[in-house]
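In: Attaching a predicted model along with its sequence, questions to come.
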2 protein chains.
Amino acid sequence: MTEPSPTEAAADPRPAGLSRRRLLGALGAGTAGVLAAGAAGGVIGRATADDAPAAAGPAPTDAVPFHGEHQAGIVTPAQDRLHFVALDVTTDDREELAQLLRDWTAAARRMTAGQDAGPDGAVGGSEWAPPDDTGEAIGLPASGLTLTVGFGPTLFTTADGRDRFGLAARRPAPLVELPAFPGDQIDPAISGGDLCIQACANDPQVAVHAVRNLVRIGAGVVSVRWSQLGFGRTSSTSTAQATPRNLFGFKDGTDNLKAENGSALDRFVWVGDGDADWLRGGSYLVTRRIRMLVEPWDSSPLREQELTIGRAKGSGAPLGQRAEFDPVDFTKQVDGEFAVPETSHVFLAHPTNSGTAILRRGYSFVDGTDGLGRLDAGLFFIAFQKDPETGFVQVQRNLRLDAMNEYVRHTSSAVFACPPGVRDDADWWGRALLEG
Amino acid sequence: MTEPSPTEAAADPRPAGLSRRRLLGALGAGTAGVLAAGAAGGVIGRATADDAPAAAGPAPTDAVPFHGEHQAGIVTPAQDRLHFVALDVTTDDREELAQLLRDWTAAARRMTAGQDAGPDGAVGGSEWAPPDDTGEAIGLPASGLTLTVGFGPTLFTTADGRDRFGLAARRPAPLVELPAFPGDQIDPAISGGDLCIQACANDPQVAVHAVRNLVRIGAGVVSVRWSQLGFGRTSSTSTAQATPRNLFGFKDGTDNLKAENGSALDRFVWVGDGDADWLRGGSYLVTRRIRMLVEPWDSSPLREQELTIGRAKGSGAPLGQRAEFDPVDFTKQVDGEFAVPETSHVFLAHPTNSGTAILRRGYSFVDGTDGLGRLDAGLFFIAFQKDPETGFVQVQRNLRLDAMNEYVRHTSSAVFACPPGVRDDADWWGRALLEG
């Protein structure tokens, strides 16, 4: 809605005053209304009067409650480590799938509480049977572990149109494969998947242990399609957290949606009425493995880096402002130039100009070397939103002219519908979908 | 010396009483003498009367001193995270190589103290020049960062016999490529290298930042050959540390050499007289990427796992004993069977039977998925020793019949000579080699 048309953009990649005013002028109407308030009185990522007070975060070793209205691991203050895994279902038996989700729920309930995956544990069962826990987390605390499950489009209808579990009619309309974007270099082998598990914890051994045990429990029913480890969360998801830095060396996520933004979360993150009933209280998860070309970035001047991002590298302040949380001022000029360039990442990604907001929860990664003498490093981008089309897709389309595109390549892509939280001991992930 | 011959082994993979007594009977002579004392009065990994008292470990955020007789990162209490990188030198100019090592030393001296890589830092220089630090560690403490450098055989003589830097005559005799071992599945693309940097820290962002900045400084002189991230150190290297668990769920490194074993370190780890002068006070580093087949492991019974390792999974006690640090008793029988099977990993790897000792300093890894629905996970094995032939090679040869071989595959291999420590501000890594 607020984008220049492709024709305008091609003719004038950095439109000056008029276009910018036109962008800002659009803010009075439609979805941009709430965002305009954000731009005037603060930013969307900061708590406002109608928000819940910021809770004191748990200690890094504490357990995060598993039961709740929403799944943990979405607005939970982002932990430091990630193990994300996408899986394909190898059975055609709907009841086997349902039983797996029951078994996974039981194991997740235990492991997020800091217990072994099964009741016998790593060493408590028969010595002539395989243990019901793999043991590498013995003695480690819960470490803030959250496990978040999602269902991919192919669980409902396979690529060749087959309704293997009788779920095609229950596919939520927004759960479709993401469109291709200009510049995409997507590798299908590390994209998509019938199911996903996002494991976050403050100890990588705890996150890896959880995924490994869920995969073990799923033997014969699911097969790992791809997996990704991450470290150094690249977005705060709570006002109680300091903003971390990504591998470009910049603070990342200053204006992210946060756990304390109650009304904005209902508006932009949680599925409500008007979508599939079984998904109410859930959210859509988009992942993008974004390779960052750190070598050319590291050889570019500081000023170019800052103009590319739109923030000062040291303080994280929007260009033209003084402090990190100062509002981005799109009208401010310095020496006759707009302080925040219209091709900067902050300009284009900011809710004011993208016309929407998403909850980002990404992690940095280094996956060794690319065979050409360069580190294979970047950002494993994770975003939660009420609808992928008005969330990630809308933001990403608005980044078409992003100056940062020169330094990044999207190499994997996936989308999942994450069901609501597990309510109690009798409930399980996806129950409303598979029993409904 | 203490191994059964291949013929004996093939005929009787689990020799009973006689062979075992023969093994133990050999302990009175030669290098095994010191080890026999270990087996009788304790184990090689525990402090004995002639050892230095255990120092209180630094806090996880503290700096580790960079200057010293030995490089840090060898007997330094093992930090929690690893970024290891092997590089090839792309110049033929010896002075460019020397200048790189000077520049690396200066940057390492700064970064291990918790400072930016260069004096201007990430944001303090000219805004029209690339920063001399990449910025992602701004605000993070030193986090126990150590940087340890090594020189591969190919730095001295290339595979085709060329003496590109005039160093061939200075190659230490023990610095030769490792031999092939039965069962090896080595991928040359992730093996070897002219140089290596081992970065260990208690924050992965700090370790990655250090490697990335050293690679940036080396642009045009070196190229990254391969790199490996690791987490969850799998060996204690100090008596002050609890023994961690590897991805088989077992405590690993109970009997490892430790920082407090002063006399054993001189005997087994540090290069002394009789090797290249420039290497005195240094050590040889061997790396092996060991894929662990966790899926078959996880489906094997607890008892089989324990017989494979030779320890109890819960306590870590040697089989037949009660507590983790009880000595391994190779003579103890339970129900007419030796408690510790002769094909168990502990039996074969133990100093008593391998006739030597190494300082292990490995890390767990998960590198995604192998394309067959399995986690690509395992142990990135790192060992330091006075001589690879009487260190890792001797131990590994003794593992030929190790029952654990069924569950592991070695997929990369490398060996490096690590020079002694940098003594002061005027010294630099490899100075005695390149100026000598």
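Out: Done, it's in. Numbering: from 1, shown residues only, chains lettered A, B, ... in the order given.
In: can you count the residues close to A:Asp92?
Out: Look at A:Asp92: counted by other Cβ atoms under 10 Å in any protein chain shown, it has 10 neighbours. Any C-beta I mention is one placed from the backbone N, CA and C, and that applies to glycine too.
In: sorry, that was for A:Trp128
Out: 9.
In: Now do the same contact list for whichever residue of the stretch 251-400 of chain A sits closest to chain B.
Out: Using Cβ to the nearest Cβ, the closest approach of the stretch 251-400 of chain A to chain B is made by A:Gly373 at 3.4 Å. Neighbour list for A:Gly373: B:Asp88, B:Ser223, B:Val224, B:Arg225 [criterion: Cβ atoms under 8 Å, 6 or more residues apart in numbering or on different chains].
In: Show the overlap between those and what lies near chain A.
Out: Applying Cβ under 8 Å from any Cβ of the partner chain to the contacts of A:Gly373, one finds that B:Asp88, B:Ser223, B:Val224, B:Arg225 fall near chain A.
In: The last one contacts B:Thr90, doesn't it?
Out: No - checked against Cβ atoms under 8 Å, the pair B:Arg225 and B:Thr90 is beyond contact range at 10.6 Å.
In: The two: who's more crowded?
Out: Using other Cβ under 10 Å, the more surrounded residue of B:Arg225 and B:Thr90 is B:Arg225, with 22 against 14.
In: ok, now which ones touch the more buried one?
Out: Neighbour list for B:Arg225: A:Thr369, A:Gly373, B:Ala86, B:Leu87, B:Asp88, B:Gly192, B:Gly193, B:Asp194 [criterion: Cβ under 8 Å, 6+ apart].
In: Apply 7 Å and report the result again.
Out: Neighbour list for B:Arg225: B:Ala86, B:Leu87, B:Asp88, B:Gly193 [criterion: Cβ atoms under 7 Å, 6 or more residues apart in numbering or on different chains].
In: Now for those residues: which two are most distant?
Out: B:Ala86 and B:Asp88 (7.9 Å; Cβ to Cβ).
In: Need the overlap of contacts for these two.
Out: Contacts common to B:Ala86 and B:Asp88, judged by Cβ under 7 Å, 6+ apart, are B:Gly193, B:Arg225.
In: For those two, work out which one has more neighbours and name it.
Out: Each of B:Ala86 and B:Asp88 has its neighbours counted (other Cβ under 10 Å); B:Ala86 has more, 26 against 17.
In: Can I take it that the more buried one is in a helix?
Out: No - secondary structure of B:Ala86 (DSSP: H, G, I helix; E, B strand; the rest coil): strand, not part of a helix.
In: got JSON lines for the contacts of B:Arg225, with pLDDT too?
Out: Below are these laid out as JSON lines (pLDDT from 0 to 100):
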{"residue": "B:Ala86", "pLDDT": "97"}
{"residue": "B:Leu87", "pLDDT": "97"}
{"residue": "B:Asp88", "pLDDT": "96"}
{"residue": "B:Gly193", "pLDDT": "97"}
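In: Relative to B:Ala173, which of these is nearest.
Out: B:Gly193 (20.0 Å).
In: List the contacts of the closest one.
Out: B:Ala86, B:Leu87, B:Asp88, B:Gly152, B:Arg225, B:Ala414.
In: ok, it to B:Gly150 distance?
Out: 9 Å (Cβ to Cβ, to the nearest Å).
In: A:Leu147 too?
Out: 40 Å.
In: repeat for A:Ser143
Out: Counting by Cβ to Cβ, the gap from A:Ser143 to B:Gly150 is 33 Å.
In: The closest residue to chain B within the stretch 151-300 of chain A - how many residues pack around it?
Out: Closest contact between the stretch 151-300 of chain A and chain B, by Cβ to the nearest Cβ, is at A:Gly249 (2.4 Å). Counted with other Cβ under 10 Å, the neighbours of A:Gly249 add up to 26.
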